[in-house]
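1. I would like the atomic coordinates for the input below:
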Amino acid sequence: MVGTISKTDGQTDGQAQVAAPVANPAISLVEQAKLLGIKFFLVSYTDLLGGTRAKLVPAAKIASVEKDGAFFSSFASNLGLGPDAAEIAAIPDPSSLIQLPWEPTVGWVASDVYFEGKPFPAAPRMILGRVLDRCEAMGYTYKAGVEAEFFLLKKTESGYAIADERDTAQRPCYDQINLMRQFDLISTIVGYMEDLGWEPYQCDHEDANGQFELNWTYADAKTTCDRHVFFKYMVKTLAEKQGLTATFMPKPFSGITGSGGHVHSSLWQETETQQSINSFAQDADAGGLSPVGYHFLGGVLNHAKGLTALFAPTINSYRRLGASATTSGSTWTPRYISYGGNNRSHMLRIPEAGRFECRLIDGSANLYLALAGLLAAGLEGIEKETSPGDRIDENLFARGAEFPNLETLPTSLFEALTALDQNSLLMETFGELGAKTFFEFKHKEWSDFCSRVTDWEIDEYINI
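-> Numbering: from 1, shown residues only. Now for the predicted structure:
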């Protein structure tokens, strides 16, 4: 949740992009190691569950890894291959290089996954890459920004608790004192993002106790995903150094607001004079979007139920989406497949001309998969000139039931998976192996959940 709208809050006309100073695709990792004093590389990739896997490679050996990849046992890699399969190769992308600010002798680099010498179709970064190729073929560049929310917790004898015992207000959103008690950690993270060229611009205490949000400037979608993966790693690492646990779990506590990962989107085009133009802002109407923008929006709404499995991919996600109340008075989560203006009660929000925000995405989402699905749906909307329908300028938290024609979002992981399975566009976007593996993991997660007897059931039914 961002309290004010600024030029860097999302996508606006003519916003200059600043690349991280350590990332130069024209220079090999060997050369960058010499220039930057890097002694080791974390060669990293993201699996289908959103987990980050890596090998630590000495800089003296990075040349062969840059050429042939770092090899990982396929079966241990959460990508759908068995113990009989050969290794996968993670080939680092030099343009993604990030020098660890707290350990500058180490460089982190995102990788593309190959198997038997060919791009591996079920790897999330590769899935996103295929949709981005289609986007480019249509003449667009997809840019995105993410609002990363997280909790700071401490481990106690009885489980996890809010790290700051004094952070107890019923409505703590934007609370100054609670924010500044975590100044050391937050200012360190922000300083590192500034050093990396990410242009962070706002930090706040969020709507739940112990919950924070840090925002940085949008970029092309793949860069945003790479940075989001690194951001989560950085926040967790620096929190651990202070004896805390940082979690992006959607709903760690029942009575307070959950964590979103809201994404702002826009499409851009190059003019004949090589100027970059925001296609959502050009010829936008009073509602904030161009015809291209509304068609994109219509495509996302049209595929919302299937997209939910990618945007809210855990059982815990539906504790956030299905919450009826919080101590602050609002869950801030959508229930309906709807859009509005600068109105946070909708699934999609148009806060200003030239961009829209998807509020369905949560902190557990694998952003590569989420953006692949969102972009595929939006591009189809452009191709088919899909209408998003009429904008609704009402508080759907309070008045949603007054709109009987509005469809509701899935209320469980199982319902969302069923919708995804029935969505031909998203299944094609995933690819056969990626979809098969994702469903195997997620149906096992659902089955494990259903087999557990909870404390609530004991309290509710023990005396039957």
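2. Spatially nearest residue to residue 381, not counting backbone neighbours?
-> Once flanking residues are discounted, residue 381 sits nearest to residue 299: 2.1 Å by CB to CB, 6 or more residues apart in numbering. C-beta here means a position set from N, CA and C on the backbone, and glycine is covered the same way.
3. My guess is that neighbour contacts residue 387. True?
-> No: counting by CB atoms under 8 Å, residue 299 does not reach residue 387; the two are 10.1 Å apart.
4. Can you tell me the element the residue nearest to residue 381 falls in?
-> Residue 299 belongs to helix 291-302 when assigned by DSSP states H and E.
5. Now do that helix: which elements does it pack against?
-> strand 263-270, strand 348-349, strand 356-358, helix 367-384 (3 or more CB pairs under 8 Å, 6 or more residues apart in numbering; DSSP states H and E).
6. Could you pull out the buried residues of the first one?
-> Read that as strand 263-270. 263-268 (16 or more other CB atoms under 10 Å).
7. Pull up the pairing partners for that strand, direction included.
-> Strand pairing for strand 263-270, determined by DSSP bridges: strand 141-156 (antiparallel), strand 276-278 (antiparallel), strand 356-358 (antiparallel).
8. who's more crowded, residue 299 and residue 387?
-> Between residue 299 and residue 387, counting by other CB atoms under 10 Å, residue 299 is the more crowded of the two (25 against 13).
9. wait, what's in contact with that one?
-> 377-382, 384, 386 (CB atoms under 8 Å, 6 or more residues apart in numbering).
10. the helices in the stretch 151-300 of the chain, which residues?
-> 176-181, 183-195, 221-241, 291-302 (DSSP state H, counting those that start in this stretch).
11. what about residue 102, which helix or strand?
-> Counting by DSSP H and E, residue 102 is found in no helix or strand.
12. Phi and psi next, for it.
-> Dihedral angles of residue 102 (phi, psi; degrees, to the nearest 10) stand at phi -90, psi -10.
13. neighbours of it, just the number please.
-> Residues near residue 102, counting by other CB under 10 Å, number 11.
14. show me the contacts for it.
-> 192, 237-238, 241.
15. Could you turn the buried ones of these into a PyMOL selection?
-> Those of the contacts of residue 102 that count as buried under 16+ other CB under 10 Å are selected in PyMOL with:
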select buried, resi 192+238
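16. Go through the helix holding residue 299 and flag the buried ones.
-> Using 16+ other CB under 10 Å as the test for burial, helix 291-302 gives 292-302.
17. next structured bit after that helix?
-> Past helix 291-302, the next helix or strand by DSSP H and E is helix 304-311.
18. who's in contact with that next one?
-> Helix 304-311 is contacted from outside by 300, 337, 347, 358, 360-362, 365-366, 369-370, 372-374, 377, 407, 409-410, 413, 416-417, 419-420, 422-423, 425-426, 442, using CB under 8 Å, 6+ apart.
19. hmm, 6 Å instead?
-> For helix 304-311, contacts defined as CB atoms under 6 Å, 6 or more residues apart in numbering pick out 337, 360-361, 365, 369-370, 373, 409-410, 416-417, 419-420, 423, 426.
20. re the thing from before, from the helices and strands packed on helix 291-302, which stretch is densest packed?
-> For the helices and strands packed on helix 291-302, the largest average neighbour count (mean count of other CB atoms under 10 Å) is found in strand 356-358, namely a mean of 26.
21. mind showing which ranges of the stretch 201-350 of the chain have poor pLDDT?
-> Residue ranges of the stretch 201-350 of the chain with pLDDT under 70: 323, 329.
22. Look at the residue lying closest to residue 338 once chain neighbours are set aside and tell me its secondary structure.
-> Excluding the flanking residues, the one nearest residue 338 by CB to CB, 6+ apart is residue 346, at 4.8 Å. State at residue 346, reduced to three classes by DSSP: H, G, I helix; E, B strand; the rest coil: coil.
23. And residue 346, how close does it get to residue 68?
-> Plainly put, residue 346 is 48 Å away from residue 68 if you go by CB to CB, to the nearest Å.
24. Settle it for me: which of these two has more neighbours?
-> Counted by other CB under 10 Å, residue 346 and residue 68 do not tie: residue 346 has more neighbours, with 28 against 12.
25. Residues touching stretch 398-408, excluding its own?
-> Stretch 398-408 is contacted from outside by 335-338, using CB under 6 Å, 6+ apart.
26. same thing but at 8 Å, please
-> With CB under 8 Å, 6+ apart as the test, stretch 398-408 has contacts from 304-305, 335-338, 345, 392, 394, 396.
27. can you check stretch 263-280 too?
-> Contacts for stretch 263-280 (CB under 8 Å, 6+ apart): 9-14, 135, 139-147, 218, 281, 289-290, 292-293, 296, 351, 353-358, 361, 367, 370-371, 374-375, 378.
28. Out of the buried residues of strand 263-270, which is nearest to residue 226?
-> Ranked by distance to residue 226 (CB to CB), the buried residues of strand 263-270 are led by residue 263 at 14.5 Å.
29. For the closest residue to residue 342 other than its chain neighbours, what are phi and psi?
-> Closest residue to residue 342 apart from its sequence neighbours, by CB to CB, 6+ apart: residue 351 at 4.8 Å. Note on residue 351: backbone dihedrals following degrees, to the nearest 10 are phi -80, psi -30.
30. doesn't residue 339 make contact with residue 351?
-> No: at 11.6 Å, residue 351 does not count as touching residue 339 under the criterion of CB under 8 Å.
31. the more surrounded of these two?
-> residue 339 (27 against 18).
32. Beta-bridge partners for that one, please?
-> Listed beta-bridge partners, residue 339: residue 348 (assigned using DSSP bridges).
33. ok, it to residue 118 distance?
-> Applying CB to CB, the value for residue 339 to residue 118 is 40 Å.
34. Same check on residue 168?
-> Residue 168 is 55 Å from residue 118, where distance means CB to CB.
35. the more surrounded of those two?
-> Set side by side, residue 168 and residue 118 show more neighbours around residue 168, with 12 against 7, by other CB under 10 Å.
36. Can you report phi and psi for that one?
-> The phi/psi pair for residue 168 (degrees, to the nearest 10) reads phi -130, psi 0.
37. Fine, thanks again, bye for now.
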